[in-house]
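> Sequence and predicted structure are below.
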4 protein chains.
Amino acid sequence: MADIKEECGVFGLFAENTTDVSSIVYRGLYALQHRGQESCGITVNDDGVFSTYKDLGLVCDVFSADNLRALGKGNMAIGHVRYATTGTNDRNNAQPIVVNHSKGRMALAHNGNLTNSYELRCEFEENGSIFHTTSDTEVISYTITQERIKSKSIEEAVCKTMYRLKGAYSLLVMSPAKMIAVRDKHGFHPLCYGEMPDGTYIVASESCALDSVGAKFIRDIKPGEIVIFSKDGIKSIEEHCNTVPKSTCVFEYIYFARPDSVIDGVSVHNARVKAGEYLYEEQPTDADVVIGVPDSGLDAAVGYSKRSGIPYEIGLIKNKYIGRTFISPGQDNRLNQVRIKLNPLKSVVDGKRIVLIDDSIVRGTTCAQIVKLLREAGAAEIHMRISAPPFLHPCYYGTDIDSEENLISSHHSVEEVAKIVGADSLVFLSIENTKKLALTQTNDGFCTACFDGKYPTEIPKFTQKSRFENKISEG
Amino acid sequence: MADIKEECGVFGLFAENTTDVSSIVYRGLYALQHRGQESCGITVNDDGVFSTYKDLGLVCDVFSADNLRALGKGNMAIGHVRYATTGTNDRNNAQPIVVNHSKGRMALAHNGNLTNSYELRCEFEENGSIFHTTSDTEVISYTITQERIKSKSIEEAVCKTMYRLKGAYSLLVMSPAKMIAVRDKHGFHPLCYGEMPDGTYIVASESCALDSVGAKFIRDIKPGEIVIFSKDGIKSIEEHCNTVPKSTCVFEYIYFARPDSVIDGVSVHNARVKAGEYLYEEQPTDADVVIGVPDSGLDAAVGYSKRSGIPYEIGLIKNKYIGRTFISPGQDNRLNQVRIKLNPLKSVVDGKRIVLIDDSIVRGTTCAQIVKLLREAGAAEIHMRISAPPFLHPCYYGTDIDSEENLISSHHSVEEVAKIVGADSLVFLSIENTKKLALTQTNDGFCTACFDGKYPTEIPKFTQKSRFENKISEG
Amino acid sequence: MADIKEECGVFGLFAENTTDVSSIVYRGLYALQHRGQESCGITVNDDGVFSTYKDLGLVCDVFSADNLRALGKGNMAIGHVRYATTGTNDRNNAQPIVVNHSKGRMALAHNGNLTNSYELRCEFEENGSIFHTTSDTEVISYTITQERIKSKSIEEAVCKTMYRLKGAYSLLVMSPAKMIAVRDKHGFHPLCYGEMPDGTYIVASESCALDSVGAKFIRDIKPGEIVIFSKDGIKSIEEHCNTVPKSTCVFEYIYFARPDSVIDGVSVHNARVKAGEYLYEEQPTDADVVIGVPDSGLDAAVGYSKRSGIPYEIGLIKNKYIGRTFISPGQDNRLNQVRIKLNPLKSVVDGKRIVLIDDSIVRGTTCAQIVKLLREAGAAEIHMRISAPPFLHPCYYGTDIDSEENLISSHHSVEEVAKIVGADSLVFLSIENTKKLALTQTNDGFCTACFDGKYPTEIPKFTQKSRFENKISEG
Amino acid sequence: MADIKEECGVFGLFAENTTDVSSIVYRGLYALQHRGQESCGITVNDDGVFSTYKDLGLVCDVFSADNLRALGKGNMAIGHVRYATTGTNDRNNAQPIVVNHSKGRMALAHNGNLTNSYELRCEFEENGSIFHTTSDTEVISYTITQERIKSKSIEEAVCKTMYRLKGAYSLLVMSPAKMIAVRDKHGFHPLCYGEMPDGTYIVASESCALDSVGAKFIRDIKPGEIVIFSKDGIKSIEEHCNTVPKSTCVFEYIYFARPDSVIDGVSVHNARVKAGEYLYEEQPTDADVVIGVPDSGLDAAVGYSKRSGIPYEIGLIKNKYIGRTFISPGQDNRLNQVRIKLNPLKSVVDGKRIVLIDDSIVRGTTCAQIVKLLREAGAAEIHMRISAPPFLHPCYYGTDIDSEENLISSHHSVEEVAKIVGADSLVFLSIENTKKLALTQTNDGFCTACFDGKYPTEIPKFTQKSRFENKISEG
């Protein structure tokens, strides 16, 4: 039940013929909703005419049958769901962004976070460029545009652009005639593509979105790869591939991605089950039941149960209407907030020694409240097991683990945290095992910087989220 | 994953002092949302001045911080969530309904379905009464009003009214000074009450709603009981108790209620776990994994796994943003609709012999699609186990099992149904075991009429849902 | 620029064949919007099936192409615009109201105010009736329903009902097969009918609504008349006609009605022009320009100019986007509110002696502000002329002149009022001339009770607007 | 009743201290609503932090108390109302636009139309610039930004920018510390400033907006002038003044501006009254009444009446709730549309010889329908008088007189037009008199290009409204 947020998800399609593409993107974004709940948008490309609709809100609130219809038909479209990492949460920062430049028009949708966007932005501004938004995506669009002028094709411009962008980006670029999928050379965030039965190509942040539109998974985009979808078929540029070690965000497996997604050949669910198994192996614990905190602790709980032989149980019921605004007028404290989301099953936990599995502890407050609810329901012992190591360092690659201040483990030992949250014992997964969760022969490098501080890139010089909001210097 | 709908949920509170009652009812209705998703409403009673807000939509969509605030403070309030069983789904039929009569004012919120509302309505209309809605609740309010004129108190009127109402009703009546909770003598639907730490009394359809507002469960309202909450404390009238055998809807345990509720002393989760155990006992099956269809098949899957020793697995991932409108412009077929809600975990099901647990089969279409998805994901065998008997008869007590036409088991043998849905084998829970799911010494009578046709009351003469819409006779 | 509000307007149609009736009613209500801006509604009758949509707000805000379409086709429909005289302004009190009774179904739309609704309501409540709204219309529907049981036809029931209703009512009753228009025997408020080129009959509060749908005016409904529109043509019942003297609200001519309406044979515009002429005749004044306060003072200004020879000028410009909510966050005082609605033409008023014509002075505050604006723009002298006598008495027939407290002329002489509003002189039209404004041989009786206290009916015993809200007596 | 649309209105304020500026801008935009009804927006500057809210719709629909409050306090703000001349009507093109550049941040609001925006845009795009919108305003912001880099101050950059911009622009530029008002050297569109009692400076497109916020008019911004409002007071740069002859749009006086505005020292109302006088002088006509088409024909009708001695009358009543969407589902033809807006006063026009005054004839259809309505109401003769010459040429300076095709006078003689619209006679105001409408010693040059084709600037090479939408060239 991490309070940590992934910033974005992208979805794109390229069809042979003009068709009702917006409804397919709508489905795809629906499946990627967990990657960003603040704003969403779709840009449809009808033979070079771009139509965009985007707004603050969930996919199901922003899009109505009316405005999907108004987007019209087309043979290409890209979509985006967003949680604001860089830039404030205003309507202006919603994506896709559409820009006009000397060679035409371009739409972009981006998942990730650049580590040199400040420097790039300053460089552009010094040459007279203006910025409408505070997001990295506009910086990327400027870079591509600049390169485009000197290039023969949009894909050449994208390839040149990659020499200038640092950090994490899984990117969709749509020109009048092409859809281009780009994954940064480190492969921080996932990106894959597949094909619908009618030959329409789909690119998505996660494979679960391919499933949701009935597309067959073809393969992951490789770290550093550029894949171009056009009337001429699929083309790949691998100039940036294998130039640096792979370092995919391991927290995609632990928490961000949906369990039914497969990233770089590894099932997210399986990685989580394995985390549960390792947790038992690292410190075998005697208990009556294993309970996962819904939803993201459930898979690891199955693994813990399997490995330990302790029965798996459903011990916490989650209100399935949550996922929307729950307004709390008046006097509600934080415990009340948890109470409306989760309710313990007294008949299951009463008098029991419980192994409680969750994916992370950030500030510790939610965790403490869950422990309190279980105690009230009669739990005899609560052994907290976390399917990840403690957070100790900020992330610069597109999540909101932004400052060490709010990370309880930065200031407290594991024993202290156990005490604070009220658990009888507390175990975090070791970094060694964390690195093994999704390890295969081909999937062999992970970013674990938030746990061990080993950043695969230079750290950005300017890091506060609203750095562009406050940079004002003149009269 | 039943397509069957419970009609309603009710929630009420009685506080010592005037306070921000609407936000508490809001929380309570949020917890009862699964009992009715078409409309909802709250009536606040501030020393006899009633304020109501109700509309079509989910609790989180209908109520905003603004309109909750506008409802004002009070010392009593009742709320309602509704799925339309009788009466069309228009705004006018939303509850609570507030009526003015010669002795003052009254608000009502009702869960259930009368079997003699047509007769009562005709009787009133013949005496010059007019009806604004097509719901049973207006009929009840007329009956109470008529009795009120001849009675010394509102509770006496309610008690007399119970001699005239037939069928299922869990009812909240709010007068300027009292809140009255009523459960029909058969005890068809649940109703219980509890107390918040500050002494505020809470009445709710299910105990999970007490938990959600931090109230301590006190007890269930008995079948036939009237409980009056007023400045004078709690009073109970048991004149109608024990006049007929208890016949609580067994499908409340199997599907309608939330697993974290306890009804008449029995945990819903435990009843479902027991269903899973019985299912294995009735026909032991060899398989590799047990998978529950989320959400309502999960508890029984745990029971099946426990009893059989076959590992419990998470095999279907449910999109957690569903529960809202999913618009489907264009060409979407039914399979697409299921695909957006559920996605199989290929890594779990591929090559496996699966026991798949669900709570019911109504028309069979959804079930067939789930089987198809699992086959596509590589399932070797699919053994469908349903934690209830086949539906064969309509329900007249407040669910929408309305006509035999749509019930697949009315027309097909179990073997045929297995074939239609594409399962390798299919087993329904026996009626005998169904009756034992929630059986205790004090909880000893259940309505299983939809399975065996044994109705605990007379069947209504007029049953079509929109019976009041079409009764027009004049010029 | 009276702050006085008419309560309602009604519009109905009866077509030969089923057609798109809702869009015609929409147009008609649009033309009657000035008669009620708080809520509006339409009920369509499709061969006995009634569909209603109503809500708080202006016609153009409440109705969209979508919900007009959803109302469907039919061969009859009635509509209503409302300002709340009796009953609070909640959605529940919006009209038409639709009720079901033993002989079928009935929709009502009502303009006016009963003087015995409290007594009728008590009588019904004592017999066990319940009330959902606090409006007179529900009382009327009960009375009709009661009579209906004892009558052979709906029109007979309406005719009997008229013996029981006291006060003002211009009423539309729609049964499954008939539309019935009723005007109280005093003829307090207007009601007329006409015919569209295709033979569709239209009934409306004012003739301007007939014009707006291209219908030809046929005639006014007579005071006391019942006109029945059905497949058998038009039938009239005159049993209540000529039983009391006519007493049509003279303020309909002065302010409420649109100038392009013709009521009981007299053009509203002409009546206002005549008021301007009388104002000059009563006290000839020397001045440079005659200016009307938009919009309702303009016609009388033309009359004053014509009779006096003083040039008519446009001296105040009204913001044409007003008529909607103008929110005023922050520190706005009342002057600011007038400033946004009206702006003086400095070039016209600077240095001029002005005759300023308005229709009424209620509290005097708006008037004082207009005078202040004109002084700021340089007016040398301001001679205020009011095209009606001073308000001295409350109205019980459907306007909100409710209490003497707020009527400035109840507490102050004309000279004092002139001083308070800052005018150099002030003249109100005399009661004698007021009675002559719309006088013809056939239009010969007017209610001037708000000016002279001569009420044509008994005064109601209970008069406060929210009398039903506060009647609470029990526990 | 011209169907011609002005493109925009601007409003800005500079206060000494931080205060509730958004509500003042809201009032100002309300008063300028007639200058643009498609979208509107406000940007508040709180010590360099800019907050913007803008959307499609009228001021009263777009802004709620909530979102005005959310804009927060500040000491500067600018606002905009827009009708789309260049660029499609999408949310993205709404103003103010806010851009970030190397020296900080800048908000712009613009009224007018550049004649060289295509050339400027191409120039920027060739240097790698990207465009988010299709409006001129973004082009202006780029130009200022480019100059800003080479300048010591924002005002110096604005001054240099004016050498590059061609065409019409009344512009507000807001930097973190300054508000700058700019009027193009031709003075095509109005722009003036004033002061509120507390010393707050207001800039507005028209003086009526100063009145609406209680500000005292100080003076018009001169053609070519730059006025800078800052903590250091007011500063003026006149480098561009008097470099070309003044050529203010004469149609501002005839139609666009509100009659209560004073532009460059001349009252709009007075100019229109003079038009009415000239119309009589050019061709004296005998008639019974003079009637103006509301609202913009009323002032000229007063002038015609005054000069001719023919009585002024109110002959057409306008529905005062129009100004909003009037949906017309179903079969409505154009006549029906006019019928809902205007209704003739039969008692005034029946049997009369009418002089009917309007401000323009564009396609002739609306005019023909008004004539038809008056004939139906019994008019004996209709002498149409137009307070402007016939439209013969497109406008390139910010109105939507875009193509000659739709201008009836391009294809027909005056006699033919009279016949087409059904008038007994038709007279347009002569160009000579048109030029004299607002002529004074200081207000001595007008653009009459739409009437005589004499354009005060070069004509743009690319003129179609959506020129930027269609420029797509790549793959």
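Yes, it's here.
> and A:Asn75, helix, strand or coil?
Three states are possible here, and by DSSP: H, G, I helix; E, B strand; the rest coil the one that applies to A:Asn75 is strand.
> can you pull the contacts of it?
By Cβ atoms under 8 Å, 6 or more residues apart in numbering or on different chains, the residues touching A:Asn75 are A:14-19, A:21, A:45-47. C-beta coordinates here come from the backbone N, C-alpha and C atoms, glycine included.
> Retrieve the pLDDT associated with it.
Reported pLDDT at A:Asn75 in the predicted model: 96.
> likewise the one 5 residues further on?
You'll see A:His80 listed with a pLDDT of 97.
> neighbours around it, how many?
32 (other Cβ atoms under 10 Å in any protein chain shown).
> Extract the C-alpha set from the host helix or strand of it and format it as CSV.
In this structure, A:His80 is located in strand A:74-82 according to DSSP states H and E. Extracted as CSV, the C-alpha positions of strand A:74-82 are listed here (Å, rounded to 0.1, in the frame of the first residue of the first chain):
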residue,chain,number,x,y,z
GLY,A,74,-7.8,8.3,-37.7
ASN,A,75,-5.1,5.7,-38.3
MET,A,76,-2.9,6.7,-35.5
ALA,A,77,-3.3,7.9,-31.9
ILE,A,78,-1.4,8.2,-28.7
GLY,A,79,-2.6,8.5,-25.2
HIS,A,80,-1.2,9.3,-21.8
VAL,A,81,-2.0,9.0,-18.1
ARG,A,82,-0.1,11.2,-15.8
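> for the helix or strand containing A:Phe229, packing partners?
When secondary structure is defined by DSSP H and E, A:Phe229 falls within strand A:226-230. Strand A:226-230 sits against helix A:154-161, strand A:179-183, strand A:201-204, strand A:233-237, with contacts defined as 3 or more Cβ pairs under 8 Å, 6 or more residues apart in numbering or on different chains; DSSP states H and E.
> Please identify the buried residues of the first one?
To tie it back to what came earlier, the one meant is helix A:154-161. A:154-155, A:157-161 (16 or more other Cβ atoms under 10 Å in any protein chain shown).
> for it, the distance to its chain's centre please.
Going by Cα atoms, centre = their mean, to the nearest Å, the spacing between the C-alpha centre of helix A:154-161 and its chain's C-alpha centre is 25 Å.
> ok, the helix or strand that comes right after that helix: who's next to it in the sheet?
Sequence order places strand A:167-174 as the next helix or strand after helix A:154-161, per DSSP H and E. Strand A:167-174 sits in its sheet next to strand A:104-114 (antiparallel), strand A:179-183 (antiparallel), going by DSSP bridges.
> Tell me what angle strand A:167-174 forms with strand A:226-230.
For strand A:167-174 against strand A:226-230, the angle between stretch directions is 10 degrees (axes from the mean of the first three to the mean of the last three Cα atoms, to 10 degrees).
> could you give the mean pLDDT of strand A:167-174?
The average pLDDT within strand A:167-174 is 97.
> That strand: how far from the chain's middle?
With Cα atoms, centre = their mean as the basis, the distance from the averaged C-alpha position of strand A:167-174 to the chain average is 13 Å.
> what's the angle between that strand and helix A:154-161?
Per the same axes, to 10 degrees, the angle that strand A:167-174 makes with helix A:154-161 is 170 degrees.
> now the angle between strand A:74-82 and strand A:167-174, please.
Between the axes of strand A:167-174 and strand A:74-82, defined by the same axes, to 10 degrees, the angle is 150 degrees.
> CA atoms only for strand A:167-174, dumped as CSV, please.
Below are the C-alpha coordinates for strand A:167-174, written out as CSV (Å, rounded to 0.1, in the frame of the first residue of the first chain):
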residue,chain,number,x,y,z
GLY,A,167,17.7,10.2,-17.5
ALA,A,168,14.6,8.1,-17.9
TYR,A,169,12.2,8.3,-20.8
SER,A,170,9.8,5.9,-22.4
LEU,A,171,8.5,8.0,-25.1
LEU,A,172,5.9,8.0,-27.9
VAL,A,173,6.4,10.5,-30.7
MET,A,174,3.7,10.9,-33.4
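> Check the residue in chain A positioned nearest to chain C and give its pLDDT.
For chain A and chain C, the shortest gap (Cβ to the nearest Cβ) falls at A:Asp66, measuring 8.7 Å. As summarised for this prediction, A:Asp66 has a pLDDT of 84.
> Now do A:Gly194 against C:Glu147, distance only.
For A:Gly194, the distance to C:Glu147 under the criterion Cβ to Cβ, to the nearest Å works out to 71 Å.
> Surely A:Pro259 and B:Ile317 touch.
Yes - with contacts defined as Cβ atoms under 8 Å, A:Pro259 counts as touching B:Ile317 at a distance of 5.5 Å.
> between the strands paired with strand A:167-174, which gets the lowest average pLDDT?
The weakest mean pLDDT among those belongs to strand A:104-114, with a mean of 94.
> That strand: how far from the chain's middle?
Using Cα atoms, centre = their mean, we find the averaged C-alpha position of strand A:104-114 to lie 16 Å away from the chain's own average C-alpha position.
> Chain D next: which of the buried residues of helix A:154-161 are close?
The subset of the buried residues of helix A:154-161 within reach of chain D, by Cβ under 8 Å from any Cβ of the partner chain, is A:Ile154.
> Mind putting the buried residues of helix A:154-161 into JSON lines with pLDDT and distance to A:Ile180?
Shown next, in JSON lines, are the buried residues of helix A:154-161 (pLDDT from 0 to 100; distance: Cβ to Cβ, whole Å):
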{"residue": "A:Ile154", "pLDDT": "96", "distance to A:Ile180": "7"}
{"residue": "A:Glu155", "pLDDT": "97", "distance to A:Ile180": "6"}
{"residue": "A:Ala157", "pLDDT": "97", "distance to A:Ile180": "10"}
{"residue": "A:Val158", "pLDDT": "98", "distance to A:Ile180": "6"}
{"residue": "A:Cys159", "pLDDT": "98", "distance to A:Ile180": "10"}
{"residue": "A:Lys160", "pLDDT": "98", "distance to A:Ile180": "13"}
{"residue": "A:Thr161", "pLDDT": "98", "distance to A:Ile180": "11"}
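> wait, doesn't A:Ser51 sit right on A:Arg69?
No - counting by Cβ under 8 Å, A:Arg69 is not a contact partner of A:Ser51; they are 11.0 Å apart.
> and the two? which has more neighbours close in?
Regarding A:Ser51 and A:Arg69, a neighbour count based on other Cβ under 10 Å identifies A:Ser51 as having more, with 18 against 14.
> Just read off the phi/psi values of that one.
Per-residue torsions, A:Ser51: phi -120, psi 130 (degrees, to the nearest 10).
> got the contact list for it?
With contacts taken as Cβ under 8 Å, 6+ apart, A:Ser51 has the following neighbours: A:43-44, A:70-72, A:74.
> try it again with 6 Å
A:Ser51 sits next to A:44, A:71-72 when contact means Cβ atoms under 6 Å, 6 or more residues apart in numbering or on different chains.
> who does the helix or strand bottoming out on mean pLDDT in chain A touch, helix- and strand-wise?
Least confident element among the helices and strands of chain A, by mean pLDDT, DSSP states H and E: helix A:334-341 (a mean of 75). On a contact count with 3 or more Cβ pairs under 6 Å, 6 or more residues apart in numbering or on different chains; DSSP states H and E, helix A:334-341 meets no helix or strand.
> Flag every buried residue along it.
Of the residues in helix A:334-341, those buried (16+ other Cβ under 10 Å) are A:336, A:338-341.
> Any chance of CSV for the residues you listed, columns distance to A:Gly398?
As requested, those are exported to CSV (distance: Cβ to Cβ, whole Å):
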residue, distance to A:Gly398
A:Asn336, 32
A:Val338, 27
A:Arg339, 32
A:Ile340, 30
A:Lys341, 26
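> Nearest to B:Lys166 among these?
Within the buried residues of helix A:334-341, proximity to B:Lys166 (Cβ to Cβ) peaks at A:Ile340, which comes in at 36.9 Å.
> For the closest residue to the closest one other than its chain neighbours, grab phi and psi.
The spatial neighbour of A:Ile340 that comes closest, neighbours along the chain excluded (Cβ to Cβ, 6 or more residues apart in numbering or on different chains), is B:Ser212 at 5.3 Å. The phi/psi pair for B:Ser212 (degrees, to the nearest 10) reads phi -70, psi -20.
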